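Asks: Predicted model and sequence below, questions to follow.
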Amino acid sequence: MVDVLVIGSGIAGTAAALALHKAGVRVSVHEAHPDSGADIGAFLTLAGNGMTALAQFGADKEVARHGFRLTSMRLTDGSGAEIATSPLGRAEDPLSRYRCMRRAALCRALRSEARRRGIEVRHGRRLASAVETAGGVAATFSDGETVEGDLLVGADGLGSVVRPLIDPGSVPRRYAGQNIFYGYSTRADPPHTSERIEMIRGSASSFGYAVSPEGETSWFARLPGDELPTAEINGTPPEHWRRHLLDTLRADTTPAADIVAATDGPAMVTNAYDLPVGGTWHTRRMLVIGDAAHAASPATGQGASMALEDAVVLAKALRDTDSTAAALSAYDRLRRVLVEGNTQRSAEMTRGTAHRGRVTPPNGSALKGDQHLDRHMAWHDRLPVADT
């Protein structure tokens, strides 16, 4: 039996553990934070490809309980005029239905499934180093303990510790040119239709919101600007960010400013980052997945769904090949074109170079262009590891 050490218990890491466990792999998860982490405020829309991936390792129903359905997207401009409305998923197919939820809720649902299945998740386990051995890999943690396995999977995000171990010359994250604001409101009452996400192409911003069946409005705004230093983000009163955002949004005649003004808590802010394409993802015994390998700016909204797909393809690759080396090679080949296409597409949208008249669902049914993707996802189909 293959023994895999997963570094990171976020979306990619916990999903990978669940898929690997189903594939008959012995897996343990090692998380640097001392607990499961707090909700930092971000919400996400999980696309049909993400829900399909979840279903392959039996976590779709648990995750679906933590969010609400989205069946359409409407795009308007800064004057409030409708540009287009697009369906999201297929009404007759539950796995194609998009879900809106808080990122932390998705993580909690995945961790709940991991606990239920008896998967070991250890917190306060910060990776210090990892060395490949003749028969596997030895991971040493900050508490001094060393654990050995056949494969180490880095699912530790943009600031990955594993990535530079695989490729010491790897390029660090790069700023994508946008500041991201987000928040929630139970007091806002914007125009909306049930199960629809509203996207507003403002004069100096991109804004999106969705209203839950309980009446809570989840929103985000993307503004072009210089990268904000971490010290400035942490040291600036939240009300400053709200005023800054409102000054921009009030230039347009849309519901965006009223939603932000009615937000119950602070307007939170971060920077948009991505990773350059073409990086090295694996050695003989180490691999990075999710944002640690192919982080994209948030314009396409595919980060979580891509990470869930990674988990399925990795598990199937280990199941359907005769060696770890063959599995990692197959995984790299089968995933790279799709995820790097998403990174490039998202970067174009962030820069405003994508086609202005086209409506692309925020979680990208347009990203399903790989003709083999369904075969990659379907658990009972063998992975086409010999494809060229």
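Replies: It's in. Numbering: from 1, shown residues only.

Asks: List the buried residues for the host helix or strand of residue 336?
Replies: In this structure, residue 336 sits in helix 324-351 according to DSSP states H and E. For helix 324-351, a neighbour-count test (16 or more other C-beta atoms under 10 Å) marks 324, 327-328, 330-332, 334-336, 338-343, 345-347, 349-350 as buried. Every residue, glycine included, has its C-beta placed from N, CA and C.

Asks: Next one: residue 122 from residue 139, what distance?
Replies: 12 Å (C-beta to C-beta, to the nearest Å).

Asks: which one of the two has more residues nearby?
Replies: residue 139 (23 against 13; other C-beta atoms under 10 Å).

Asks: bridging residues for the more buried one?
Replies: Note on residue 139: beta-bridge partners residue 130, residue 147, judged by DSSP bridges.

Asks: I'd say residue 163 and residue 290 touch.
Replies: No. Applying C-beta atoms under 8 Å, one finds residue 163 not in contact with residue 290, separated by 11.0 Å.

Asks: Between those two, which has more neighbouring residues?
Replies: residue 290 (30 against 25).

Asks: which residues does that one contact?
Replies: Residue 290 makes contact with 10-13, 155, 157, 303, 306-307, 310, according to C-beta atoms under 8 Å, 6 or more residues apart in numbering.

Asks: at 10 Å what do you get?
Replies: Taking C-beta atoms under 10 Å, 6 or more residues apart in numbering, we find residue 290 in contact with 8, 10-13, 15-16, 153-158, 160, 303-304, 306-311, 339.

Asks: again, but for residue 258
Replies: Residue 258 neighbours (C-beta under 10 Å, 6+ apart): 185, 187-190, 246, 249-250.

Asks: circling back: list residues touching both of residue 163 and residue 290?
Replies: In contact with both residue 163 and residue 290: 154, 156-157, using C-beta under 10 Å, 6+ apart.

Asks: so where's the stretch 251-388 of the chain uncertain?
Replies: 353-373, 386-388 (pLDDT under 70).

Asks: all strands in it, in order from the N-terminus.
Replies: 268-274, 286-288 (DSSP state E, counting those that start in this stretch).

Asks: Just the element for the residue of the chain positioned farthest from its centre, please.
Replies: Within the chain, the residue lying farthest from the chain centre (C-alpha atoms, centre = their mean) is residue 134, at 34.0 Å. Using DSSP H and E, residue 134 is not contained in any helix or strand.

Asks: And it, how close does it get to residue 127?
Replies: 21 Å.

Asks: Enumerate the beta-bridge partners assigned to residue 211.
Replies: Counting by DSSP bridges, the residues bridging with residue 211 are residue 217.

Asks: where's it relative to residue 78, distance?
Replies: For residue 211 relative to residue 78 (C-beta to C-beta), the value is 21 Å.

Asks: Specify which residue of the two has the higher count of neighbours.
Replies: residue 211 (25 against 18).

Asks: For that one, which residues are in contact?
Replies: Per C-beta under 10 Å, 6+ apart, neighbours of residue 211: 68, 100, 185, 188-198, 217-219, 259.

Asks: from the residues you listed, which would you call buried?
Replies: By 16+ other C-beta under 10 Å, the contacts of residue 211 give 68, 100, 185, 188, 190, 192, 195-198, 217-219, 259 as buried.

Asks: Secondary structure for these - can I get that in JSON lines?
Replies: Converted to JSON lines, the buried ones among the contacts of residue 211 look like this (DSSP: H, G, I helix; E, B strand; the rest coil):
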{"residue": "68", "secondary structure": "strand"}
{"residue": "100", "secondary structure": "strand"}
{"residue": "185", "secondary structure": "strand"}
{"residue": "188", "secondary structure": "coil"}
{"residue": "190", "secondary structure": "coil"}
{"residue": "192", "secondary structure": "coil"}
{"residue": "195", "secondary structure": "coil"}
{"residue": "196", "secondary structure": "strand"}
{"residue": "197", "secondary structure": "strand"}
{"residue": "198", "secondary structure": "strand"}
{"residue": "217", "secondary structure": "strand"}
{"residue": "218", "secondary structure": "strand"}
{"residue": "219", "secondary structure": "strand"}
{"residue": "259", "secondary structure": "helix"}
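
Asks: Turn the residues you listed into JSON lines, columns for distance to residue 176.
Replies: Output for these, formatted as JSON lines (distance: C-beta to C-beta, whole Å):
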{"residue": "68", "distance to residue 176": "28"}
{"residue": "100", "distance to residue 176": "23"}
{"residue": "185", "distance to residue 176": "26"}
{"residue": "188", "distance to residue 176": "28"}
{"residue": "190", "distance to residue 176": "27"}
{"residue": "192", "distance to residue 176": "28"}
{"residue": "195", "distance to residue 176": "29"}
{"residue": "196", "distance to residue 176": "27"}
{"residue": "197", "distance to residue 176": "21"}
{"residue": "198", "distance to residue 176": "23"}
{"residue": "217", "distance to residue 176": "25"}
{"residue": "218", "distance to residue 176": "22"}
{"residue": "219", "distance to residue 176": "20"}
{"residue": "259", "distance to residue 176": "24"}
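
Asks: which one of those is nearest residue 85?
Replies: residue 196 (8.1 Å; C-beta to C-beta).

Asks: before we move on, the earlier item: just the contacts of residue 290: which are in helices?
Replies: Counted as lying in helices by DSSP state H, out of these, are 11-13, 15-16, 303-304, 306-311, 339.

Asks: elements contacting whichever helix or strand residue 164 is part of?
Replies: Taking DSSP H and E as the criterion, residue 164 maps to helix 162-166. Helix 162-166 is packed against strand 127-132, strand 137-141, strand 151-154, strand 286-288, helix 291-294, with contacts defined by 3 or more C-beta pairs under 10 Å, 6 or more residues apart in numbering; DSSP states H and E.

Asks: Perfect, that will be all.
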